[in-house]
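Colleague: here you go, sequence then predicted model.
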2 protein chains.
Amino acid sequence: MGRRSLHTADELRELIVQASTDLIHESGLVGLSAREIARRIDYSPGTLYNSFDNLDDLILTIEGRLLDRLLDELDTVPGDSEAHERVYRMADCYLNFAGGNPRLWNLLFEHHIPVSQTLPDWYRQKLDALASRFEQVLRPLSKGLGDDEARRSARVLWSSVHGISSLAVADKLSIVSAEEAPVLMRNLVGTYLAGLEARCSTAG
Amino acid sequence: MGRRSLHTADELRELIVQASTDLIHESGLVGLSAREIARRIDYSPGTLYNSFDNLDDLILTIEGRLLDRLLDELDTVPGDSEAHERVYRMADCYLNFAGGNPRLWNLLFEHHIPVSQTLPDWYRQKLDALASRFEQVLRPLSKGLGDDEARRSARVLWSSVHGISSLAVADKLSIVSAEEAPVLMRNLVGTYLAGLEARCSTAG
């Protein structure tokens, strides 16, 4: 028999998110079930559905927290560092974050929302915030390209940084080993920025 | 009650791979179970384990086939096209392949082999073959960089092409929309190759 009325709605929601995050850290998405979460927090499985619509809703919440933590990490890169250096540091930060949270990171790919659902606005806003971080950092390095192309370049750099970071924690695509990843990341940023410079000087 | 002795071992293996691939196409990894595969081919679930060690073994086989098909696609890019054009076409090919097989593509990330297992040699060889395709195509464009750096650059380009392709079929990271993906891919290849050229002329 589960406990009752020991926690407020907010506290209960927090307990569920914590227990689920721990479960994913330990054994990935396969380890996550309403029954197991309930067992850990000592409530009945039905209690979960007072706090979350369903498991998808819970998982999106966990992923949203992951994106928040990533944003916080990226914001530790000093805004007044030299423009190229700032991009290098942001890319390293992204890579280290993925490497430090491999199972939660994989969740971004492993978990799918039902086709009938769209991503909630609060989730999209976090992705937009990430996009704007990359736009900001590339702005001084893409002068003369035009706003649209500068914005596209930020997205390309983000996708590529994301690609290397994700491959470094993937176990079935040994394109990028965890050891080699930092060197590949430097090659990506260095070469992409050199290309951007060449394109800007042609455009200018 | 399942059928018996209607197929040779090879035919049965083929039937199982086909039925499983169909199941993944329809509903992703969650739809895959020994029971459902067996039902489709009208054998008993136990029959699967005469052909495959376990579901992981079966899934790796399916993924190996996917990589074979990708290699075949990449090999349709004419070897005698202009060097830059060849990279553009290879990247487009990669993107289209992922877009045409979204659920099987996602499987590369969704399915994890047990931590205790290493990737079998036959699977690694396919990844090496993919790596060598990217090395070949970049070779004429990375002269003067040295073999190690040229090889690293091929891996970086591959990771980035893979990143954009995967994000275009992901549903939870709207970094790259399917519509915008071809434009971003052109930006990636154009900018990366411009950067490579700048780095080669500095090195040369």
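Modeller: Happy to help now that I have it.
Colleague: so what pLDDT did the closest residue to residue A:70 other than its chain neighbours get?
Modeller: Closest residue to residue A:70 apart from its sequence neighbours, by Cβ to Cβ, 6 or more residues apart in numbering or on different chains: residue A:97 at 5.3 Å. For the C-beta atoms, the positions are set from N, CA and C on the backbone; glycine is no exception. pLDDT, residue A:97: 96.
Colleague: which SSE is residue A:97 in?
Modeller: Assigned by DSSP states H and E, residue A:97 belongs to helix A:83-100.
Colleague: name all residues that make contact with the residue of chain A found nearest chain B.
Modeller: Nearest residue of chain A to chain B (Cβ to the nearest Cβ) works out as residue A:163 at 2.0 Å. Counting by Cβ atoms under 8 Å, 6 or more residues apart in numbering or on different chains, residue A:163 touches B:159, B:160, B:162, B:163, B:164, B:166, B:167.
Colleague: and those residues, which two are the farthest apart?
Modeller: Greatest spacing in these, by Cβ to Cβ: B:159 and B:167 (12.2 Å).
Colleague: which SS class is residue A:6?
Modeller: Of the three states, residue A:6 takes coil according to DSSP: H, G, I helix; E, B strand; the rest coil.
Colleague: what's around it, how many residues?
Modeller: Residues contacting residue A:6 under the criterion other Cβ atoms under 10 Å in any protein chain shown number 11.
Colleague: what's the separation between it and residue A:47?
Modeller: 11 Å (Cβ to Cβ, to the nearest Å).
Colleague: center of chain A, which residue is that?
Modeller: residue A:67 (4.3 Å; Cα atoms, centre = their mean).
Colleague: next, the residue nearest to that one when sequence neighbours are not counted: secondary structure please.
Modeller: Excluding the flanking residues, the one nearest residue A:67 by Cβ to Cβ, 6+ apart is residue A:126, at 4.2 Å. Of the three states, residue A:126 takes helix under three-state DSSP.
Colleague: against residue B:161, how distant is residue A:126?
Modeller: 26 Å.
Colleague: those two: which is more packed in?
Modeller: residue B:161 (26 against 18).
Colleague: got a pLDDT number for residue A:82?
Modeller: 95.
Colleague: what do you get for residue A:120?
Modeller: The model's pLDDT for residue A:120 equals 86.
Colleague: and the contacts of the strand or helix carrying residue A:61?
Modeller: Assigned by DSSP H and E, residue A:61 falls within helix A:55-74. Contact partners of helix A:55-74, identified using Cβ under 8 Å, 6+ apart, comprise A:16-17, A:20-21, A:24, A:29, A:32, A:34, A:48, A:51-52, A:90, A:93-94, A:96-97, A:101, A:104-105, A:107-108, A:111, A:113-114, A:117, A:119-120, A:122-123, A:126-127, A:129-130, A:133, B:172.
Colleague: returning to what we had before: next, the contact list for the residue nearest to residue A:70, please.
Modeller: By Cβ under 8 Å, 6+ apart, the neighbours of residue A:97 are A:69, A:70, A:73, A:105, A:165.
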